[in-house]
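Enquirer: Below are the sequence and a predicted model; questions follow.
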Number of protein chains: 2
Amino acid sequence: MGAIRFSLFYEHQLPRPWDDGQEARLYRDALDQIEIADRIGFDIVWEVEHHFLEEYSHSSAPEVFLAAASQRTKRIRLGHGIVQLPPEVNHPARVAERIATLDLVSGGRVEFGTGESSSSAELGGFGIRRSAKRGEWEDAVDAVTRMFVEEPFAGWDSPHLRMPPRNVIPKTVQKPHPPLWVACSRRETIEFAARNGIGALSFSFVEPADAGRWVQEYYRIIESEECVPAGFSVNPNVCVVLPMMLHEDEATAIERGIDGAHFFGFALAHYYGTTPHDPGRTSVWDEFQARRAQQGFDRDRIIANAEALNVNVGSLRGAVGTPDQVSELIRKYEEVGVDQISFVLQAGPNRHEHICEALELFGKAVLPRFTEGREEREAAKAARLAPAIEAALARREPARTLPAGYRIDEDAEVARARRARRPRVTPGAVRAEVRGAGRRRALQGFHRLVKGRSDRQIERAFGERAQRVFFAGMARAYDPSAAGGFEGDLAFRLGRSDGTETAWTIRVRDGRARAREGAADDARLTIAASTADFVRVLAGDGNPASLLMDGKLRLRGDVEVAPRVSEMFGGPSPY
Amino acid sequence: MGAIRFSLFYEHQLPRPWDDGQEARLYRDALDQIEIADRIGFDIVWEVEHHFLEEYSHSSAPEVFLAAASQRTKRIRLGHGIVQLPPEVNHPARVAERIATLDLVSGGRVEFGTGESSSSAELGGFGIRRSAKRGEWEDAVDAVTRMFVEEPFAGWDSPHLRMPPRNVIPKTVQKPHPPLWVACSRRETIEFAARNGIGALSFSFVEPADAGRWVQEYYRIIESEECVPAGFSVNPNVCVVLPMMLHEDEATAIERGIDGAHFFGFALAHYYGTTPHDPGRTSVWDEFQARRAQQGFDRDRIIANAEALNVNVGSLRGAVGTPDQVSELIRKYEEVGVDQISFVLQAGPNRHEHICEALELFGKAVLPRFTEGREEREAAKAARLAPAIEAALARREPARTLPAGYRIDEDAEVARARRARRPRVTPGAVRAEVRGAGRRRALQGFHRLVKGRSDRQIERAFGERAQRVFFAGMARAYDPSAAGGFEGDLAFRLGRSDGTETAWTIRVRDGRARAREGAADDARLTIAASTADFVRVLAGDGNPASLLMDGKLRLRGDVEVAPRVSEMFGGPSPY
């Protein structure tokens, strides 16, 4: 039996149309909400850092907002969920300075969430290569945590950052530095978090049962020799994010919260998939209104099935319900060992008054059910992990001591910083880049293919030739690192309006994948759908969860493989 | 008769030795002080952005601190004094996002001060070329102000920044954007501020009479066709920065405030001159204790001459005194048309309790003397300038409208951002860079030359051969843009311990300078000193103001030329 903590999660969503003063109100309301959360016993408020994601997230400077929140609250911790670490966005020294300053003005209440950018709007906006961003993250976490503990920071020379020795000031209140987290969108990144000894902030709206398997794997790695901490402390914690709305009357809770929860999911898919976006012009809210049902965000469906709380594929409802329902859901996460649930209340058109009411009700009717004995259980967990953590920290390269006598020398330092760098581009990286680009371009093509077309028109456009190109490309895009050891055949059966169908098989073996036409005798997983629905899913225009529920998408065999298929073949992650 | 406003100015100074919790206390105290300033009627609190300047400034993330201050105050405006605009430090989109977010959480109270980096610690730390930073400033101000007003920002392609079209969100509360300022350290940058139609934040501790001339020139340009606004609004204001401490008893004011004022000046010279700095190791406070008197920051001298308030060369006292004395000083600035005085109270070892007391006394005994009729006078000024401002804004290139139909395209955008750029380096820029580097290296040499040496030893080291190299180098470093039209001969007379002396002349004519040995018949300015004192000044080890007062440095001729000599020959500016 674990112990669970509660946090709030802010994207600062603002569906169009906008009017003057609305952004100011959004921020003001959020500060009021956080004051309530602080008072009733929430542990953390998380705020994202996103750039240019109109409507989905107007939270581009969390360092400013969280600093404002620090003076409106007393106990609640202030979490960056997350800071974008590619140096094209934030220079590592500036990250260290901001985290330390926030830690100072808040009296040591910072949680330092880290991540890479991943939407096209952000990567394209700042000129970040997808193939480089993981390396940039690793490099920046190492550099920033050294800036916290080294006095002076002994300098850096990597493909991503060159910096001479400097004492980066101020220093954090929390020693050696605030707890570290990393944004996780799939199983692989949760394992990655564990290997780095840092908290996993999971954004994938994972179901309790799946969460349980992730948590087990996470703690197995934390306690193993695989764990080599990225920072100078270990933060063993798994947090899952869920949309929430609370009311004693279930229908009212749904009425107040479901549009927000659905808009959140829809807008996320909009920016993280391949839907075209015209900056300053596209109305995500209009698109949501027009296509929510088609993408699985069907308001009526949720109300009709009100008894099934958040246990559907895709978590289409989240924690929207009564105190009893939400408590039951929390209990399930607690039982499988999740350490923290982060609730999104401010989403889509959700109203400030309803959010405040839900928070107050949560403090009265839900939170007290989970506090008893919590500290003791946490102390027990800390005691159990202590030896493993000590051993892990011994594996991390220690802080460096710069020999005395270094002299700041502007001219030499600037020359060194700007010296041409031999590009460290491997043929493999180039191939990966080209593959990824080709795939994204193909998906954009799919979008044009389905737009306003009938099933028959789509079938004609996605004929045998196009299918051959597609499945061959899919096999080429195969990424063993995302396959989690999967081997075997994946079969696809694409039906047509005239009742015929075409079968394709992708065989994964020895780290490679090959496509061929025809059915597999012994497929690990078979995916069947109409050609038109299949293409719509590829184009980001149909939601697999919704199609599954409607029986339009059928799975046979090892169903647990299904959620991995997109990532295995280089597709977008759920976040 | 002008109208004057008052602001506070924060560097977050922290002389060594440091103990745990001291930085947190420094920040907490500053927030308490700002609460008082807000209550008693200060108009703005300014905070610098400095990196790695240990002891001198622990204010590396003003965006965080000012956001905290926003929730502790109601009326006071929040000024970045300044944001460092070279993209190596802050990506322009991140600057726009932070300014807008601070404007949102503060209800439209932001003043947007801008500047270039200028200390070696910062330029070397971020790899910024001195020859490029003015261009970077101009480019970034243009881009950032467009991000505020363009919806979407229509993209950028300059030698300093490439960015595709994006809607940069959130937007500011103040329209079109918060008032713009630029950091000014010398006459040329104040003229530059005027040509750009933005406020001049002057850090040079300028005397009232000099300030008057600067203000006249500033407003002449603002009202002329030379003014082409850098932003989408004009902010006609001149602010001067002064150290301050207030007490009814003059001796107590000095006792409480002079060490802070002097440490401020000393540490500034340490980081902006060429004194060697070993990051994390050099104690600026120890050096201050050892060498303050020698550099002109002589505590005893100030007490002895207590009647002369801040009207000494070099402003060695600032606004440290009684309410009557400080009011008299303010009146002088007001009379010459200065719009704002920014007081530095938190400096060096100054104590929190004394700062709070001084602020309360200022609110009671000084501020009320300057508020009567202030708004009317400001309204009259605004009305007088309105036609000129309207005309100036018409000269600025307008906001752009991106044609509809742009599509975010990550791969094409990233490729464009990273495409190799033909370096736009002119032979002139290379020469300027080489000259500047040579000069900085020579000055570092001087520092080694004087360290622990007697007068005679210095004379021997700086013999005729060394002098020839030095004056020839000085002539080569001549920068016409900093000369303000000066033409004529500058004569130098360097005495020796044996009573002999050597004379040198630098002739400035037609935009060039030449050095020769020997006296000038008709020098515009003659500078005479012992060889040892002259070299000590060059090495940053002797303060000209102090040597002047002691008669060890003698000027003859056009004395007003003297403060410009350093800048004319590529030397460090006073800030």
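Expert: In hand now; what should we look at?

Enquirer: residues in the stretch 151-300 of chain A within reach of chain B, list them.
Expert: A:151-153, A:162-171, A:173, A:276-281 (C-beta under 8 Å from any C-beta of the partner chain). From N, CA and C alone the C-beta is placed, and that goes for glycine too.

Enquirer: now, which of the residues you listed lie within strands?
Expert: Secondary structure from DSSP state E places A:162, A:163 of those in strands.

Enquirer: if I look at residue A:341, how far off is residue A:42?
Expert: Counting by C-beta to C-beta, to the nearest Å, the separation of residue A:341 from residue A:42 is 11 Å.

Enquirer: can you list residues touching both of those two?
Expert: A:6, A:7 (C-beta atoms under 8 Å, 6 or more residues apart in numbering or on different chains).

Enquirer: Not counting sequence-adjacent ones, nearest residue to the closest residue to chain B within the stretch 101-250 of chain A?
Expert: Chain B sits closest to residue A:127 of the stretch 101-250 of chain A, with a gap of 2.8 Å, by C-beta to the nearest C-beta. Leaving aside its chain neighbours, residue A:127 sits nearest to residue B:417 (2.8 Å; criterion: C-beta to C-beta, 6 or more residues apart in numbering or on different chains).

Enquirer: The one you found sits in which helix or strand?
Expert: Using DSSP states H and E, residue B:417 maps to helix B:410-418.

Enquirer: In that helix, which of the residues would be classed as buried?
Expert: Within helix B:410-418, the residues that count as buried by 16 or more other C-beta atoms under 10 Å in any protein chain shown are B:410, B:411, B:413, B:414, B:416, B:417.

Enquirer: beta partners of the nearest residue to residue A:239 once chain neighbours are set aside?
Expert: Among residues not flanking residue A:239 along the chain, residue A:340 sits closest, at 3.8 Å (C-beta to C-beta, 6+ apart). Taking DSSP bridges as the rule, residue A:340 bridges to residue A:5, residue A:239.

Enquirer: which ones are touching residue A:340?
Expert: A:4, A:5, A:6, A:7, A:43, A:44, A:237, A:238, A:239, A:240 are the contacts of residue A:340 under C-beta under 8 Å, 6+ apart.

Enquirer: quick revisit: run through who's touching the helix holding residue B:417.
Expert: Helix B:410-418 is contacted from outside by A:120, A:123-130, A:437, A:440-441, B:162-164, using C-beta under 8 Å, 6+ apart.

Enquirer: Who wins on neighbours among these?
Expert: If you count neighbours using other C-beta atoms under 10 Å in any protein chain shown, the busiest of the contacts of helix B:410-418 is residue A:125, which has 30 neighbours.

Enquirer: ok now the helix or strand containing it, how far from the chain's centre?
Expert: Here residue A:125, judged by DSSP H and E, is contained in helix A:120-126. Relative to the mean C-alpha coordinate of its chain, helix A:120-126 is positioned 16 Å out (C-alpha atoms, centre = their mean, to the nearest Å).

Enquirer: Not counting its own residues, what contacts that helix?
Expert: Contacts with helix A:120-126, where a contact means C-beta under 8 Å, 6+ apart, come from A:50-53, A:84, A:86, A:88-89, A:117, A:128-130, A:133, A:271, A:274, A:277, A:279, A:440, B:91, B:93, B:163-164, B:166, B:408-414, B:417.

Enquirer: show me where the stretch 451-575 of chain A has strands.
Expert: Remark: strands assigned in the stretch 451-575 of chain A by DSSP state E, counting those that start in this stretch are A:488-495, A:501-509, A:512-517, A:525-530, A:553-557.

Enquirer: same for the longest one, what does it pack against?
Expert: Going back to what we said before, that points to strand A:501-509. Judged by 3 or more C-beta pairs under 8 Å, 6 or more residues apart in numbering or on different chains; DSSP states H and E, strand A:501-509 is in contact with helix A:464-476, strand A:488-495, strand A:512-517.

Enquirer: do the same with the fourth one
Expert: Here strand A:525-530 touches strand A:488-495, strand A:553-557, going by 3+ C-beta pairs under 8 Å, 6+ apart.

Enquirer: ok and the residue in the stretch 351-500 of chain A nearest chain B?
Expert: residue A:417 (2.7 Å).

Enquirer: In a markdown table: the helices and strands packed on strand A:501-509, plus mean pLDDT, distance to chain B and mean neighbour count.
Expert: Formatted as a markdown table, those follow (pLDDT from 0 to 100; distance: least, C-beta to the nearest C-beta, whole Å; neighbours: other C-beta atoms under 10 Å in any protein chain shown):
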| stretch | mean pLDDT | distance to chain B | mean neighbour count |
| --- | --- | --- | --- |
| helix A:464-476 | 83 | 15 | 16 |
| strand A:488-495 | 91 | 27 | 21 |
| strand A:512-517 | 89 | 23 | 16 |
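
Enquirer: Arrange these in a markdown table, one row each, with distance to residue A:157 as further columns.
Expert: Putting the helices and strands packed on strand A:501-509 into a markdown table (distance: least, C-beta to C-beta, whole Å) gives the following:
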| stretch | distance to residue A:157 |
| --- | --- |
| helix A:464-476 | 36 |
| strand A:488-495 | 44 |
| strand A:512-517 | 36 |
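
Enquirer: Quick one: low-confidence residue ranges for the stretch 351-500 of chain A.
Expert: A:420-435, A:444, A:481-482, A:484 (pLDDT under 70).

Enquirer: just so I have it, where are all the helices in it?
Expert: A:352-365, A:374-395, A:410-418, A:427-450, A:455-461, A:464-476 (DSSP state H, counting those that start in this stretch).

Enquirer: In CSV, list those along with distance to residue A:502.
Expert: Output for those, formatted as CSV (distance: least, C-beta to C-beta, whole Å):
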stretch, distance to residue A:502
helix A:352-365, 49
helix A:374-395, 51
helix A:410-418, 56
helix A:427-450, 17
helix A:455-461, 10
helix A:464-476, 6
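
Enquirer: Compare those and report which one is nearest to residue A:76.
Expert: helix A:352-365 (11.9 Å; C-beta to C-beta).

Enquirer: Not counting its own residues, what contacts the closest one?
Expert: A:6, A:29, A:32-33, A:36-37, A:39-42, A:244-248, A:253, A:256-257, A:323, A:326-327, A:345-346.

Enquirer: Select only the buried ones of the residues of the stretch 151-300 of chain A next to chain B in ChimeraX?
Expert: Of these, the buried ones can be selected in ChimeraX as follows, counting by 16+ other C-beta under 10 Å:
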select /A:151,152,153,162,163,164,165,166,167,168,169,170,171,173,276,277,278,279,280
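
Enquirer: residue with max distance from the center of chain A?
Expert: residue A:405 (44.6 Å; C-alpha atoms, centre = their mean).

Enquirer: Which residue comes closest to that one once chain neighbours are left out?
Expert: Nearest residue to residue A:405, sequence neighbours excluded (C-beta to C-beta, 6+ apart): residue B:278, at 6.4 Å.

Enquirer: what about stretch A:236-252, how long is it end to end?
Expert: End-to-end distance of stretch A:236-252: 37 Å, with C-alpha to C-alpha, to the nearest Å as the criterion.
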